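Novice: okay, here's the prediction I keep looking at, along with the sequence it came from:
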Amino acid sequence: MDRKALVETLFDLWQMCEDEYKRRFPNELPINVDVVRAVFERADHHIIASEIRRERQGVRADREKEDVEPPTEKQLDYIEFLGGDRRKPRSKEEASEYIEELRRR
């Protein structure tokens, strides 16, 4: 969520709080700004923390995708030489593990 969307979300939340307060307490003084400010500071913190978590999860997923390198031709040839299926491993790491497994047979 970008900063503009965050501000818009908080403004909408402020408006909803004010409308709800007026609906519930039509003859009362205007809503206490200090109370609303405290609510918004907490809401802002929660929204930002949620966005940071979501962003970090996305970065982790992207890194995991980037870290997966396909097996080398040399690995695939060796797997075939050992009698394995060269289509089985999807990454260098899987190919290495598969080679070790084939060598133990």
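Specialist: Good, I have the coordinates.
Novice: for Arg103, give me its contacts.
Specialist: Going by Cβ atoms under 8 Å, 6 or more residues apart in numbering, Arg103 touches Leu82. Quick note: C-beta positions are derived from backbone N, CA and C, even for glycine.
Novice: go again with 10 Å.
Specialist: 78, 82, 84 (Cβ atoms under 10 Å, 6 or more residues apart in numbering).
Novice: domain ranges for this protein?
Specialist: Under automatic domain parsing, the residue ranges defining each domain of the chain are 3-67, 73-104.
Novice: thinking again about what came up before, would you list the buried entries among the contacts of Arg103?
Specialist: Among these, the ones that count as buried by 16 or more other Cβ atoms under 10 Å are 78, 84.
Novice: closest one of the contacts of Arg103 to Ala49?
Specialist: Minimum distance to Ala49 across the contacts of Arg103 is 47.3 Å, recorded for Gly84 (Cβ to Cβ).
Novice: and the closest one, how far is that from Glu100?
Specialist: Separation of Gly84 from Glu100 (Cβ to Cβ, to the nearest Å) stands at 11 Å.
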